[in-house]
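Participant: Here is my input; please provide its structure:
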Amino acid sequence: MKPFSLRLRPGFSVLAALLFFAATAAAVTPGQWTHATEADFAGGEFDSTVVNSLGEIGLARQVTVLAPSSLAPAVVSALAPAGKTIYFASGGSGAIYRYRDGKTERFANTPGATVCSLLWTGKELLAGVGGKEAGIHAVDRNGGVTRRWSDPNVKYVWAMVPGEGGTIYAATGAQGAVYSVDAEGKAEALYRTGPLAKNVLCLARAKSGLLYAGTDQDGLVIEIDPAAKTGRAILDAEEKEIAAIVVDEKGIYAATSDAAKAAADGAVEPAATDGGRPHPATAPARKLSSSGPATQPSPLSMSSESAAAKARPIEDSTKLAAPPPRPRIRLVSPPRPGVPAPAAPAAEEAGNAVYCIRPDGLVTTVLRKPLTILAMAMRDGRLILGTGNGGCVYSASLDGQDVARIADTDAKQITCLAVTGDGRVLFGTANKGCLGSLGRDLAKEGTFTSKALDAKQIAKWGTIRVAASAGGASGVTFATRSGNIGEPNDGAWIGWSVEQPVGDGFAPIASPAGRFLQYRLKLTGGKPSPAVRGVEVIYQVGNLPPVVSAVMFKPSSSAREGEQEQTDRPQAFRHVTITATDVNEDQLIYSLFFRQSGSESWIKIADKLEAPNYVWDTRSVGDGSYQLRAVVSDSPSNPRDSAVEGWRVSSTLEVDNTAPVVSLAASSDDGAASLTGQSVDAGSRIVSIHYAVDSNTDWTAVLPEDGIADSPKEGFQFRVEDLSQGAHRIAVKVADLYGNTGYATVTVTVGK
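Facilitator: Numbering: from 1, shown residues only. As a prediction, this is how the structure comes out:
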């Protein structure tokens, strides 16, 4: 639904809007917007700024665009730093690029359809490729490519980590295996997943020499002992994919990438699959256009800092439902004595997670967010996450208490990450593709622009308070602008006010009256670094009358709300419910009137009700048709001369408190009695007819002569068989729509 907008006709100026506002009665209670959490600031625009999980806005890390989209492939699928040189690869053409001394060039071409992984060993560059020529290929200093190893069962080399003595460990698909490949290209399979997974998507090596692999299909983390060539599952996540793993002395950190648990924002069309894992050379490359001209804008319209991601296509979360609960899988090898192989903790909220598997085997959830986590790295004891919903980079403490979005790109995915020796975070993107770098230093300045704040009506802006800390050379200023259409537009909104320094108290908002307001914070770097902890905006909307949307009534035999209905009692009461809302969120009071059909005069039956309901005893009026009129006032929240009312008339209400009139005649013969009668009701229709013989409780239903009780006048006849000799009393009761009941009795004598 499009937001309400006020279109200014020619000659209708801002002054006219102000006069319109002044002519409207002012509400007493002002409105307020308070932004103090990460969720409150969501939807705003971060430009070289970040917000952490504590709701604090600060400056982002400095971002450098190394290879813009005009020089990079559409999908940067992998990267590898090698001193001052950075190699990065294409997810669609099998090409490898080199960035050195500020220049980007196409360096090598692999025979595979795509480059899934890159590894700089310190001596040479290795490329893990997928397609018909899948395997590990060595790239020499001149860009020459030589196949080091391949296997007919391997279609993708998703990850590579170095081992001892030039050994390389490779995570592969689509038959889910981890291989050991020596410097001569000789290989052996260390572990096979069998039916548990089709692809081993990520791989990490601990100082102990143990390997940790993450799989697709069932979201397993496998611990592999290369010496013993055995493996065991140490985590069975609720999510379908383990996309990235990092290891330190505190535990094994595993990030998941289940498209069904991510928000739709930024999702791309599903990629073609081959045995489970989407092929990175298909869907993203199809969806993304090739590199544009040199003037093409970079995808790095950055508004934060941060780090690592893996280049694989994202499944469309709008087309995949969350998987149903599945049974726990059986471990592929026995667990170590005394160390459990636990399932992941149950998800308390939607989204993908980073799990920590502690040295004692217990599993904790570090964080969970509704996005896909495509890559992960570690820098300075913090996790760096590259995501696939909107192309953002996050930084998180290892306990998950401090999470910050540190980079927000124009790309759809952060596809790969790496941390250099000097602490820079390198990243590649897709949809648009580029190579970028996040430094250790903070940006010198940055801005945060809020989303358009909607007052729902023309509002007078009051004051703004920005809770911030700054000192020395650092500082925080603010500006505002207003408009009457939902999408901020330089041509339709009043421009930004003059920047004002943040003080200790509330500062007046300089923007003219309007329906929408936007504020902008500007942070200037220095020591200590500036931080904004919260923003309060005070505004006042002209007082508008309450909107009465419904006046409903229900017949009842009870005079109290919630009391059980009595089926043998007339429904003389009408339980009235008034539905009303107030744009100003004022306190409301309610009055109720009635009039008989044909009359122009309204008679008050209830005044100054604090609750929007009332029970009307209709026995105080005669039978007939009536209407109710509810009047709702906001006077409790406004001065007498500025309070306003809203009202609404109900549909027609029938009052019938008179019992039907019943006439009855009888005759007897041969041990039976024949009865005929008629019932007439003055106010409503007959709904039931019953008779009883010598009883007050044993009633038998009878249909009218025409077979249906549907009118105020009904004739009936029935015969009672098998009567004993002597006198009998036969009673007939007739009920109308509102439970009024009329009676008639006759006495018949059977035999002498």
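Participant: When you work out contacts or count neighbours from here on, use the C-alpha atoms and nothing else.
Facilitator: OK.
Participant: now the nearest residue to residue 359 once chain neighbours are set aside: how far from residue 361?
Facilitator: Among residues not flanking residue 359 along the chain, residue 251 sits closest, at 5.7 Å (CA to CA, 6 or more residues apart in numbering). Distance, residue 251 to residue 361, by CA to CA, to the nearest Å: 9 Å.
Participant: one step back: who are the neighbours in contact with the residue nearest to residue 359?
Facilitator: Listed by CA atoms under 8 Å, 6 or more residues apart in numbering, the contact partners of residue 251 are 356, 357, 358, 359.
Participant: Distance check, the third one against residue 376.
Facilitator: Plainly put, residue 358 is 18 Å away from residue 376 if you go by CA to CA.
Participant: So for those two, which sits in the more crowded spot?
Facilitator: A count of neighbours by other CA atoms under 10 Å puts residue 376 above the other of residue 358 and residue 376, at 28 against 14.
Participant: before we move on, which element is that one in?
Facilitator: Counting by DSSP states H and E, the element that carries residue 376 is strand 373-379.
Participant: picking up where we left off before, looking at the contacts of residue 251, state which has the most neighbours.
Facilitator: Most surrounded of the contacts of residue 251: other CA under 10 Å gives residue 356, at 26 neighbours.
Participant: Do I have it right that it meets residue 364?
Facilitator: Yes. Using CA atoms under 8 Å, residue 356 is in contact with residue 364, at 5.3 Å.
Participant: that older thread, the residue nearest to residue 359 bridge partners, please.
Facilitator: On the basis of DSSP bridges, residue 251 is bridged to residue 248.
Participant: Same check on the one 4 residues further on?
Facilitator: Residue 255 forms beta bridges with residue 244, residue 354, as assigned by DSSP bridges.
Participant: So it versus residue 245, what's the distance?
Facilitator: As for residue 255, its distance to residue 245 is 6 Å (criterion: CA to CA).
Participant: where do the contact lists of the two overlap?
Facilitator: Residues touching both residue 255 and residue 245 by CA under 8 Å, 6+ apart: residue 376.
Participant: between these two, which one's more packed in?
Facilitator: Taking other CA under 10 Å, residue 255 and residue 245 do not tie; residue 255 has more neighbours (29 against 25).
Participant: And the pLDDT for that one?
Facilitator: pLDDT, residue 255: 96.
Participant: So it is in contact with residue 353, correct?
Facilitator: Yes. The pair residue 255 / residue 353 is scored as a contact, 5.9 Å apart, by CA under 8 Å.
Participant: list residues touching both of these two?
Facilitator: Common neighbours of residue 255 and residue 353 (CA under 8 Å, 6+ apart) are residue 373.
Participant: separation between residue 606 and residue 92?
Facilitator: 75 Å.
Participant: wait, residue 749
Facilitator: Per CA to CA, residue 749 is found 103 Å from residue 92.
Participant: Comparing the two, which residue is more hemmed in?
Facilitator: Taking neighbours as other CA under 10 Å, residue 749 and residue 92 compare with residue 92 leading, 24 against 18.
Participant: and the more buried one, backbone torsions?
Facilitator: Dihedral pair for residue 92: phi -130, psi -20, per degrees, to the nearest 10.
Participant: What of residue 38?
Facilitator: phi -60, psi -40.
Participant: what's the neighbour count on the residue nearest to it when sequence neighbours are not counted?
Facilitator: Closest residue to residue 38 in three dimensions, ignoring its sequence neighbours and counting by CA to CA, 6+ apart: residue 55, at 4.3 Å. By the criterion of other CA under 10 Å, residue 55 has 21 neighbours.
Participant: which SS state does residue 55 fall under?
Facilitator: coil (DSSP: H, G, I helix; E, B strand; the rest coil).
Participant: before we move on, back to that, go through the contacts of residue 251 and name the one nearest residue 567.
Facilitator: residue 356 (63.0 Å; CA to CA).
Participant: contacting residues for the closest one?
Facilitator: Residues in contact with residue 356, defined by CA under 8 Å, 6+ apart, are 251, 252, 253, 254, 363, 364, 365, 366.
Participant: ranking those by neighbours, who comes first?
Facilitator: Using other CA under 10 Å as the neighbour criterion, residue 254 leads the contacts of residue 356 with 30 neighbours.
Participant: Spatially nearest residue to it (excluding sequence neighbours)?
Facilitator: Closest residue in space to residue 254, ignoring its immediate chain neighbours: residue 245 at 4.6 Å, by CA to CA, 6+ apart.
Participant: Would you mind measuring from the one you found to residue 202?
Facilitator: Distance, residue 245 to residue 202, by CA to CA: 6 Å.
Participant: now residue 570
Facilitator: Separation of residue 570 from residue 202 (CA to CA): 75 Å.
Participant: Show me which of the two is the more surrounded one.
Facilitator: residue 202 (29 against 22).
Participant: just the helices in the protein please.
Facilitator: Taking DSSP state H as the criterion, the chain contains helices spanning 14-23, 38-41, 283-287.
Participant: Which pLDDT value belongs to residue 258?
Facilitator: pLDDT recorded at residue 258 is 88.
Participant: Next up, the contacts around it.
Facilitator: Contacts of residue 258 were listed using CA under 8 Å, 6+ apart, and they are 239, 240, 241, 352, 372.
Participant: longest strand in the protein, by residue count?
Facilitator: Taking DSSP state E as the criterion, the chain has its longest strand at strand 453-469.
Participant: any idea of the mean pLDDT for that strand?
Facilitator: Throughout strand 453-469, pLDDT has a mean value of 94.
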